[in-house]
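Novice: I would like to see how this sequence folds:
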Amino acid sequence: MLATRALRQAAHATARTPLIQFIGKRSIPSEVDHTPKPHPEAPANALPGSFGTVPSGNSHNSFSSYRDSAQQHGPLRKTLGLASGAALGPVTPPQGQYFDRNELPQRFRRTPLDLAEIEAIETGGATLFG
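Specialist: Numbering: from 1, shown residues only. The predicted structure follows:
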């Protein structure tokens, strides 16, 4: 144990040189193009046809314009904090979307557990074989 301590102290006493060598000084690009481009592996090598058009409901051609109208438990406008919650508008999901599983149609809801299934879960399945 003392040998390990001596080796550690000797290692700290020497100057540490990193194994990674960087080439040149870091520089920030003077211009960055933020126009939407298709993914390099996109099958058609093009943006979706509905991108930036109103009929499909996707009228946003940038994340910033989407964020201005997005809702997550209420509007996410940049004026949050400047107005009361009631003044920001209703918190209702768009048509066809639901906030809670219990608002879904009956066929998509969880089925209630019966007593036999609860007993099997609590005993780890031991009651099924006895």
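Novice: next secondary structure after the lowest-mean-pLDDT helix or strand in the chain?
Specialist: With mean pLDDT, DSSP states H and E as the measure, the helix or strand of the chain carrying the lowest mean pLDDT is helix 63-69 (a mean of 70). Counting by DSSP states H and E, the next helix or strand C-terminal to helix 63-69 is helix 115-122.
Novice: elements contacting that next one?
Specialist: On a contact count with 3 or more CB pairs under 8 Å, 6 or more residues apart in numbering; DSSP states H and E, helix 115-122 meets no helix or strand. Backbone N, C-alpha and C define where each C-beta goes, glycine included.
Novice: off-centre distance for that helix?
Specialist: How far helix 115-122 lies from its chain's middle: 35 Å, per CA atoms, centre = their mean, to the nearest Å.
Novice: could you do stretch 102-109 as well?
Specialist: How far stretch 102-109 lies from its chain's middle: 25 Å, per CA atoms, centre = their mean.
Novice: neighbouring contacts of stretch 100-119?
Specialist: 98, 121, 127 (CB atoms under 8 Å, 6 or more residues apart in numbering).
Novice: give me the mean pLDDT for it.
Specialist: Averaging pLDDT along stretch 100-119 gives 88.
Novice: start the count at 607 instead of 1 going forward.
Specialist: In the new count, where the first residue is 607, that last one comes out as stretch 706-725.
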